[in-house]
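K.L.:
need a 3D model of the sequence below.
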Amino acid sequence: IDYLRGNNTDGVVVPEFEHGFALLEKYNFSFDLQCAPEQLQAAAVLCAKYPNIPVVIAHLGKPMHILGGPSNSNMLPDTEALEVWREGMKAMAALPNVYVKISGLGWIIPGWTQSARRIDIIQGLCREVVTLFGPQRCMITTNWWKDAAHSDSEGYSTTGPTPTQYLDYMLQFFDGLSTEEQQQLFAGT
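P.N.:
Just a heads-up that it's a prediction; the model follows:
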């Protein structure tokens, strides 16, 4: 069952899921949204109905293996997959109660630190998200505490940056931002 788009993806949120989601406001809880890019539009509809519930999109909205599966065999990113992701992220960015975690980058390109081309693609996507949402609604996070090197790719690659390397990449990716904007990304959001 796709809880956001209903049975057979009919576009209707499963009522029990929506009921539970709505209760988050009563208890002053936020919601960590981990979904496929194809679900982002439906998530935007749900989040718009509940503007007092903060929602945090996990792992940059999870565009998956944009260079062609875990082997990264394609030279160019999958433009169709990225367009679905972009449209969904734009819909989510229009909602002031939605935030984004910049993490899990190996989900997008397993072994993303292994070549300058992969790093450039990841950097472009990270910057695109910060441009869409603004640094005040983005946060740089890691799952290193839980999964070590696998944290970067959910097991699709055994090569990932160390926490220090990851944070160094993030500093490089966002070196054009002001000190205040960087502070928001790294600790303020």
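
K.L.:
the helices in this protein, which residues?
P.N.:
15-26, 40-49, 79-93, 105-108, 116-133, 144-147, 163-173, 179-183 (DSSP state H).

K.L.:
check the ones you listed for me: which has the lowest mean pLDDT.
P.N.:
Sorting the helices of the chain by mean pLDDT places helix 144-147 lowest, at a mean of 62.

K.L.:
which of the helices of the chain sits most buried?
P.N.:
Ranked by mean neighbour count under mean count of other C-beta atoms under 10 Å, the helices of the chain are led by helix 105-108, which reaches a mean of 26. All C-beta atoms are positioned from the backbone trio N, CA, C, and that covers glycine.

K.L.:
would TSV of the helices of the chain with distance to Ala58 be doable?
P.N.:
Shown next, in TSV, are these (distance: least, C-beta to C-beta, whole Å):
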stretch	distance to Ala58
helix 15-26	16
helix 40-49	11
helix 79-93	12
helix 105-108	10
helix 116-133	12
helix 144-147	13
helix 163-173	16
helix 179-183	21
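
K.L.:
nearest to Ile57, out of the ones you listed?
P.N.:
Ile57 lies closest, by C-beta to C-beta, to one member of these: helix 79-93, at 6.2 Å.

K.L.:
wait, what's in contact with the closest residue to Ala42 other than its chain neighbours?
P.N.:
Once flanking residues are discounted, Ala42 sits nearest to Leu4: 4.2 Å by C-beta to C-beta, 6 or more residues apart in numbering. Residues in contact with Leu4, defined by C-beta atoms under 8 Å, 6 or more residues apart in numbering, are 13, 17, 35, 39, 42-43, 46.
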